[in-house]
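[1] fold the following, please.
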Amino acid sequence: MVPLVSMAFRNLLRNRRRTVITVLGISIGLGLCQMVYNLNLGNYNTMLDKGIRGMSGHVVVQHEQWLTNPDVENVVEGSTAILDRLRSDNPDALVTRRIMAGGLVTSPTNSVAAAVMGVDPDPESQLNRAASRMVEGEWLKEGDQRGLVLGDTLAERLGVGVKSRIVVMAPDPNDPTESTSLLFRVRGTFHSGIEVIDNFSVMVSVPAAQALLQGEDAAHQIAVVYETDEPSAAGLERAKALDLGGAVALSWQEALPDLQTFIEVDTRTNELFFFVLGFIVILGVINTMLMSVLERVREFGVMMAVGMQPGSLAALVLIEGTLLGFAAAVLGTVLGTAFTYPLATSGLDFSQEMGETMMVEGVAMDSLMFAQYAPERMVLYATVAMVMTILASAWPAWRVTRMQPIEAIKHS
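    The predicted model follows:
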């Protein structure tokens with residue numbers, strides 16, 4: 001085997017230009033595949049993190065019909081008791097309630113139909129995108145039932161600022177023919193970068209928003225958010241063991257099915273692209289190895305005439321393919337690591353194409369996208385590239401075994 005490896009190495013060096021071009025072609029394709037996957041992985045993880053933290057939680061308790069019919073009437077009653085129990089069961093997690101209602105927001109100068117979101121101020125200060133992007137005033141305080149924050153664009157339309165008074169009018173939950181009015185004072189304005197939120201959204205505390213709902217101590221969601229996804233399964237089982245009345249406990253995969261489906265479909269599309277690229281690479285390797293074999297027909301004939309077995313010659317060709325694949329896998333991984341580095345540290349800015357944010361399945365994605373290294377997948381792609389290169393050498397190797405020594409020596 002050692003003499004065959006040495007001979008295969010010398011054969012590859014006999015035509016350095018072709019060998020270098022082949023290795024570079026495979027390596028660049030492999031490096032680009034690794035870079036694209038790393039960028040997609042970073043986007044997927046960011047999307048999931050924002051979706052889980054801002055829209056559902058790793059575990060979420062909500063009305064059994066909320067997923068298919070997010071109507072204001074589909075509430076979870078007794079939300080405080082459920083909240084306290086979930087906090088007790090998950091001391092290291094953030095547990096918060098959310099209310100999604102609507103109404104007419106009125107100032108002395110204008111009126112705008114807007115979404116009214118009820119939040120628990122303390123936990124939401126670590127989860128809500130708006131809380132980290134206050135441009136004036138401050139975020140809501142715990143126990144403040146008359147405070148309100150709103151998008152900066154909506155504030156301009158209403159002609160209000162910090163300490164201004166705002167009235168929220170909505171149908172009376174106990175009598176739809178009547179309306180209820182709630183007076184709030186603006187505590188601050190935010191710029192989330194999401195046009196629909198900045199233009200049409202106000203946020204108040206959960207107790208204040210409960211005046212817009214039917215039911216005792218009602219909320220639409222109670223979300224449990226962990227640092228990582230690892231405790232989710234155990235947390236879900238604990239939540240399901242509680243007496244939730246007409247509510248259900250769901251995992252984030254069940255609560256965000258559209259987001260999960262989007263990621264799965266996008267991943268499959270990328271894998272199809274990688275497969276096509278790999279097939280093109282295989283054709284190139286087959287062409288290279290076949291040319292190498294055809295150039296050495298007489299040489300192979302002489303080697304068989306002096307006693308070398310056809311199987312050994314086929315092994316020689318396969319070893320040449322293996323050496324090519326190994327060199328390409330190593331160089332391709334180095335290139336993939338290098339291509340990914342600026343995307344992982346500085347990011348890829350799409351602000352010129354998509355503005356400040358882009359909505360994907362209801363999740364606001366920043367225009368600056370960061371890659372994330374996936375060592376296991378990079379090694380997998382490198383291994384696949386090497387195996388594909390070896391397989392591409394199989395046909396030329398089989399051709400060698402069909403040669404007849406006399407005919408091969410006569411070949412010109």
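[2] give me the phi and psi for residue 226.
    With angles defined as degrees, to the nearest 10, residue 226 sits at phi -100, psi 170.
[3] for it, which residues are in contact?
    By Cβ atoms under 8 Å, 6 or more residues apart in numbering, the contact set of residue 226 is 58, 90, 92, 93, 232, 235. Quick note: C-beta positions are derived from backbone N, CA and C, even for glycine.
[4] so which of those wins on neighbours?
    With neighbours taken as other Cβ atoms under 10 Å, the top of those is residue 58, carrying 26 neighbours.
[5] buried sites along the helix ranked longest in the chain?
    As assigned by DSSP state H, the longest helix anywhere in the chain is helix 257-295. Across helix 257-295, burial judged by 16 or more other Cβ atoms under 10 Å covers 259-260, 262-263, 274, 278, 281-282, 284-286, 288-290, 292-293.
[6] out of the residues you listed, who's nearest residue 310?
    residue 293 (12.4 Å; Cβ to Cβ).
[7] my read: that closest one touches residue 317, true?
    Yes. With contact defined as Cβ atoms under 8 Å, residue 293 and residue 317 form a contacting pair (6.3 Å).
[8] shared neighbours, those two?
    396, 400.
[9] still on that earlier bit, of the contacts of residue 226, just say which sits nearest to residue 397.
    residue 232 (49.7 Å).
[10] now what about the helix or strand residue 187 falls within, what contacts it?
    Assigned by DSSP states H and E, residue 187 falls within strand 175-190. Residues outside strand 175-190 that contact it (Cβ under 8 Å, 6+ apart): 130-131, 133-141, 144, 146-152, 155, 160-173, 198, 202, 204, 208, 211-212.
[11] can you turn the buried part of those residues into a PyMOL selection?
    Of these, the buried ones can be selected in PyMOL as follows, counting by 16+ other Cβ under 10 Å:
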select buried, resi 130+131+133+134+137+139+140+144+147+148+149+150+151+152+155+160+164+166+168+170+171+173+198+202+204+208+211+212
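[12] for the most centrally placed residue in the chain, helix, strand, or coil?
    Nearest residue to the geometric centre of the chain (Cα atoms, centre = their mean): residue 44, 0.4 Å. What DSSP: H, G, I helix; E, B strand; the rest coil gives for residue 44 is helix.
[13] what's near enough to touch the residue nearest to it when sequence neighbours are not counted?
    Spatially, and ignoring its direct neighbours in sequence, residue 44 is nearest to residue 263 (5.2 Å; Cβ to Cβ, 6 or more residues apart in numbering). Residues near residue 263 by Cβ under 8 Å, 6+ apart: 44, 47, 48.
[14] please identify which of these is nearest to residue 193.
    Nearest to residue 193, judged by Cβ to Cβ, of the contacts of residue 263 is residue 47 at 15.2 Å.
[15] am I right that that closest one is in a helix?
    Yes. Under three-state DSSP, residue 47 falls within a helix.
[16] give me the neighbour count for it.
    20.
[17] tell me how far it lies from residue 90.
    Here residue 47 is placed at a distance of 24 Å from residue 90 (Cβ to Cβ, to the nearest Å).
[18] same thing with residue 265?
    The gap separating residue 265 from residue 90 is 32 Å, by Cβ to Cβ.
[19] quick one, strands of the stretch 101-250 of the chain?
    For the stretch 101-250 of the chain, the strands defined by DSSP state E, counting those that start in this stretch cover 111-119, 134-137, 147-151, 165-172, 175-190, 201-205, 221-225, 247-251.
[20] now the closest residue to residue 216 other than its chain neighbours: phi and psi?
    In space, and not counting its chain neighbours, residue 216 is closest to residue 77: 5.3 Å by Cβ to Cβ, 6+ apart. Phi and psi for residue 77, reported as degrees, to the nearest 10, are phi -90, psi 160.
[21] walk me through the domains of the chain.
    2-51+260-410, 59-225 (automatic domain parsing).
[22] average pLDDT for the last one?
    So the one you mean is domain 59-225. For domain 59-225, the mean per-residue pLDDT is 91.
[23] one more: the first one?
    Domain 2-51+260-410 shows an average pLDDT of 82 in the prediction.
[24] can you say which of the domains of the chain is nearest to residue 244?
    domain 59-225 (6.0 Å).
[25] just the terminal-to-terminal distance for the closest one.
    7 Å (Cα to Cα, to the nearest Å).
[26] buried set for stretch 178-197?
    182, 184, 186, 187, 188, 189, 190, 191, 192, 193, 194, 197.
[27] leaving out the residues flanking it, which one is nearest to the third one?
    With Cβ to Cβ, 6+ apart as the measure, residue 164 is the residue that lies nearest to residue 186, at 4.7 Å, once sequence neighbours are left out.
[28] how about that neighbour, phi and psi?
    Given degrees, to the nearest 10, the pair of backbone angles that residue 164 has is phi -70, psi 160.
[29] who touches it in this structure?
    Residues near residue 164 by Cβ under 8 Å, 6+ apart: 107, 185, 186.
[30] the second one bridge partners, please.
    The residues paired with residue 185 through beta bridges, assigned by DSSP bridges, are residue 147, residue 165.
[31] and if you look at the one 4 residues further on?
    Bridge pairing for residue 189 (DSSP bridges) gives the partners residue 136, residue 150.
[32] look up how far residue 116 lies from it.
    16 Å.
[33] ok, now residue 303?
    Counting by Cβ to Cβ, the gap from residue 303 to residue 116 is 84 Å.
[34] what residues sit buried inside the helix or strand hosting residue 84?
    Here residue 84 is covered by helix 79-89, with elements defined by DSSP H and E. Of all the residues in helix 79-89, those buried under the rule 16+ other Cβ under 10 Å are 79, 82, 83, 85, 86, 87, 89.
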